[in-house]
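got a predicted structure plus its sequence, pasted below:
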Amino acid sequence: MDYREYIEVSADTRFGKPCIKGTRISVFDVLGWLASGMDFDEILADFPLLKKDDLLACLAYSGK
């Protein structure tokens, strides 16, 4: 997966942290939720604007 299709960095959003495009949700937010034990379904239920590919892109970004 090419995370660059889903992740953007903008100085105007969250102080330049990498975020899911079109949102203010950072990659680190998603990784933190996963690390705390949330699964994809729980995250997607809490944030319906996100898609599974957004979450996969965050994982891909973390391994870059």
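Happy to help now that I have it.

output the longest helix belonging to this protein.
As assigned by DSSP state H, the longest helix anywhere in the chain is helix 52-62.

mind listing what's buried in it?
Using 16 or more other Cβ atoms under 10 Å as the test for burial, helix 52-62 gives 54-55, 57-58, 60-61. C-betas here are computed from N, CA, C, even on glycine.

do stretch 43-53 as well
43-44, 47, 50.

ok, those vs D2, which is closest?
If you rank the buried residues of stretch 43-53 by distance to D2 using Cβ to Cβ, L50 comes first, at 17.7 Å.

contact partners for the residue nearest the centre of the chain?
What sits nearest the mean C-alpha location of the chain, by Cα atoms, centre = their mean, is V27, with 3.9 Å. For V27, the contact set (Cβ atoms under 8 Å, 6 or more residues apart in numbering) comprises 7, 17-20, 58, 61-62.

cool, E8 as well?
E8 touches 18-19, 21, counting by Cβ under 8 Å, 6+ apart.

for it, helix, strand, or coil?
strand (DSSP: H, G, I helix; E, B strand; the rest coil).

okay, the contacts of E8 in CSV with pLDDT next?
Shown next, in CSV, are the contacts of E8 (pLDDT from 0 to 100):
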residue, pLDDT
P18, 98
C19, 98
K21, 98
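
who wins for neighbours among the residues you listed?
When neighbours are counted as other Cβ atoms under 10 Å, the busiest of the contacts of E8 turns out to be C19, with 22 neighbours.

the helices in the protein, which residues?
Taking DSSP H as the criterion, the chain contains helices spanning 27-35, 40-46, 52-62.

what's the closest of the ones you listed to M1?
Nearest of the helices of the chain to M1, taken as Cβ to Cβ: helix 52-62 at 4.8 Å.

now do that closest one: which elements does it pack against?
Identification of packing neighbours for helix 52-62 by 3 or more Cβ pairs under 8 Å, 6 or more residues apart in numbering; DSSP states H and E yields strand 7-9, strand 18-20, helix 27-35, helix 40-46.

JSON lines please, covering these and showing distance to M1.
Listed next are these as JSON lines, based on distance: least, Cβ to Cβ, whole Å:
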{"stretch": "strand 7-9", "distance to M1": "11"}
{"stretch": "strand 18-20", "distance to M1": "13"}
{"stretch": "helix 27-35", "distance to M1": "13"}
{"stretch": "helix 40-46", "distance to M1": "14"}
